[in-house]
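**Student:** sharing a model prediction with you, sequence too.
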2 protein chains.
Amino acid sequence: MSINMQVLDNTLTKENIKHWFEHLQERICKTIADIDGKATFEIDIWSREEGGGGKTRVLKEGKILEKAGVAFSAVWGQTPTKILEALKLENADFFATGVSIVMHPHNPHVPIIHMNVRYFEMSNGVWWFGGGIDLTPHYINKEDAQFFHQHLKNACDAHDEAYYPKFKNWADDYFYIKHRNETRGIGGIFFDQLNDKPKEQIFEFVKEIGNSFVPIYSHLLIKNHEKHFSEQEKKWQLIRRGRYVEFNLVYDKGTKFGLDTNGRTESILMSLPKEANWEYQFEVESNSPEAYTLSKLKKGISWI
Amino acid sequence: MSINMQVLDNTLTKENIKHWFEHLQERICKTIADIDGKATFEIDIWSREEGGGGKTRVLKEGKILEKAGVAFSAVWGQTPTKILEALKLENADFFATGVSIVMHPHNPHVPIIHMNVRYFEMSNGVWWFGGGIDLTPHYINKEDAQFFHQHLKNACDAHDEAYYPKFKNWADDYFYIKHRNETRGIGGIFFDQLNDKPKEQIFEFVKEIGNSFVPIYSHLLIKNHEKHFSEQEKKWQLIRRGRYVEFNLVYDKGTKFGLDTNGRTESILMSLPKEANWEYQFEVESNSPEAYTLSKLKKGISWI
């Protein structure tokens, strides 16, 4: 009996993955709310007519964070036609679960962070993991950028030394605002349809990425949130947030897919900042920190 | 000789259309800046490597208007593949000219307005006009909505009684934010690929639409810009502007086409408001003016 139980425990099911993600959401919200010290993450539970649902947790007007969203969902039903067409597959049911995070701080010296981990499977046996973390500093700070990328490289290297270079380039390509010829920030890692190893092994990697959110962002929050900032720096932050909105609404595949397939709009768009600005022909002073940041919003920079 | 000259004068060329549009831009900027009384429209002249260019005029921080853009352009060259594919046509050169306007007022009781008039022709003889005007009140006011639609109906009826009902429905369908199940505002008229009458006749209609901008918007500006507004009403305006950004970046075909085809980003995105807000699960009080406005952001409402 105890042997059978152990076998069951070692079999990785979609339910195990779902529960791990749900618990990850809880842990992240708890720690980040503790660090913020003022606001908490309100919980919104929703269900989806076609199957499944989610728990969206949003913090508003914290001491350090202006708006932060951590969304968990697990949905299932008939696979959307768009996915089947893209994969050239016949009708099948799907199951998808994941955690998505975007946090917008008050202080322009604290970066915006985004993380996503997700698992997808179909009744025909197809499965994969996807995810990533990327950082969008309003002001690029070399030390923070190095810390961020080094942490991600270590997390990747523990599982496969090919991961970091591959997923770092993927992030550079993915988080790119073509019409501005700018990356969204300093990138990070991005991966999709990862299934080239046993499921258990890849899940261990995905867990490592999920677990790296708290140590990464808590360090960046604590280190930077008390820095002084000027009105001019706040203005620049609002302009950079405008670019963040442009990326999410024009290019982000998750956002587009969600809006296209009648996803839960409020959960999808919780990634947008509370306030964003657009100014026609906004120009930065040469040799300013803003100009330095702009000069580094490029693909292919080695931050380590 | 004088007979020949007259014949020449009556022939409608792309140059004539271009000049009329360029002059329209000038007239609109002049009158709107006079009404605003504080700021003026700065001029930015740009050219396009592949042929043509434009004149973008933007007013910032006026007394009544927070941000207003009036863009004129006339561009030519090889027809983009996307258009050729959509029309199932062989390679051809194109010429496109138009005026695009978006104005964002300070006062939430003044509506956002958008107008576009455009002409397109190809070296293979294909040509058409397109355009439209639509109004996005932060607070819907029945009297203003009726005035707006009545003015457009009169303008249409002077040319073809079939136009207003057809182009009004088209605007309802076009200015629709699917993921919110809301229209952008109270619609107006929208038309595209209009070429079912002699070019001169359609141009007369397009001129009538272009000329209607000043009487329509100056009336709405003068009538509403001194109305008192509360902090709560300002907040609602910023939320509605967020929706405007969502429409423009997610659905607007002109914006998408421009960004896709390497258009001039700053001119395309001058339509975005200076400041927009997003609040997770923003809810309006029942029986409030905000709830009334939301209830009217629907297709198929007869405003006259």
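**Tutor:** That came in fine, so what should we check first? Numbers count the residues shown, from 1 in each chain, chains lettered A, B, ... in the order given.
**Student:** shaky segments in chain A?
**Tutor:** A:1-10 (pLDDT under 70).
**Student:** now the element after the longest helix anywhere in it, going C-ward?
**Tutor:** In chain A, with assignment by DSSP state H, the single longest helix is helix A:199-224. Remark: after helix A:199-224, the chain's next helix or strand is helix A:231-246, criterion DSSP states H and E.
**Student:** spatially central residue in chain A, please.
**Tutor:** A:Met115 (2.0 Å; Cα atoms, centre = their mean).
**Student:** so where does it fall, helix or strand?
**Tutor:** Applying DSSP H and E, one finds A:Met115 within strand A:112-122.
**Student:** could you list every helix and strand in contact with that strand?
**Tutor:** helix A:14-36, strand A:93-105, strand A:127-136, helix A:199-224 (3 or more Cβ pairs under 8 Å, 6 or more residues apart in numbering or on different chains; DSSP states H and E). For every residue, glycine as well, the C-beta is placed using N, CA and C.
**Student:** try it again at 6 Å.
**Tutor:** Helices and strands touching strand A:112-122, by 3 or more Cβ pairs under 6 Å, 6 or more residues apart in numbering or on different chains; DSSP states H and E, are strand A:93-105, strand A:127-136, helix A:199-224.
**Student:** out of these, which is closest to A:Phe191?
**Tutor:** With Cβ to Cβ as the measure, strand A:127-136 is the member of the helices and strands packed on strand A:112-122 nearest A:Phe191 (6.1 Å).
**Student:** how far off centre is the closest one?
**Tutor:** 6 Å (Cα atoms, centre = their mean, to the nearest Å).
**Student:** near chain B, which residues of the stretch 51-200 of chain A?
**Tutor:** A:58, A:179 (Cβ under 6 Å from any Cβ of the partner chain).
**Student:** out of everything not next to it in sequence, what's closest to A:Ile189?
**Tutor:** Spatial nearest neighbour of A:Ile189, chain neighbours left out: A:Phe167 (3.8 Å); criterion: Cβ to Cβ, 6 or more residues apart in numbering or on different chains.
**Student:** so the one you found touches A:Asp192, yeah?
**Tutor:** No: using Cβ atoms under 6 Å, A:Phe167 is not in contact with A:Asp192; the gap is 9.6 Å.
**Student:** how many neighbours does the residue of the stretch 1-150 of chain A found nearest chain B have?
**Tutor:** Here the stretch 1-150 of chain A gets closest to chain B at one residue, A:Val58, 4.5 Å apart by Cβ to the nearest Cβ. Here the count is done by other Cβ atoms under 10 Å in any protein chain shown, and A:Val58 has 21 residues near it.
**Student:** which one of A:Phe167 and A:Asp192 has more residues nearby?
**Tutor:** The neighbour count for A:Phe167 versus A:Asp192, taken as other Cβ under 10 Å, is higher for A:Phe167 (26 against 15).
**Student:** tell me which element that one falls in.
**Tutor:** Going by DSSP H and E, A:Phe167 is in helix A:163-174.
**Student:** and the angle for that helix with strand A:127-136?
**Tutor:** For helix A:163-174 against strand A:127-136, the angle by axes from the mean of the first three to the mean of the last three Cα atoms, to 10 degrees is 70 degrees.
**Student:** what residues of helix A:163-174 count as buried?
**Tutor:** Neighbour-count burial for helix A:163-174, counted by 16 or more other Cβ atoms under 10 Å in any protein chain shown, picks out A:163-164, A:167-168, A:170-172, A:174.
**Student:** who's the nearest residue to A:Val117 once chain neighbours are set aside bridged to?
**Tutor:** Distances taken as Cβ to Cβ, 6+ apart place A:Gly131 nearest to A:Val117, at 4.0 Å, with adjacent residues excluded. Listed beta-bridge partners, A:Gly131: A:Val117, A:Phe191 (assigned using DSSP bridges).
**Student:** my read: A:Gly131 touches A:Tyr119, true?
**Tutor:** No: with contact defined as Cβ under 6 Å, A:Gly131 does not count as touching A:Tyr119 (9.0 Å).
**Student:** against A:Gly242, how distant is the nearest residue to A:Leu238 once chain neighbours are set aside?
**Tutor:** Spatial nearest neighbour of A:Leu238, chain neighbours left out: A:Asn277 (3.8 Å); criterion: Cβ to Cβ, 6+ apart. A:Asn277 is 6 Å from A:Gly242, where distance means Cβ to Cβ, to the nearest Å.
**Student:** thank you, goodbye.
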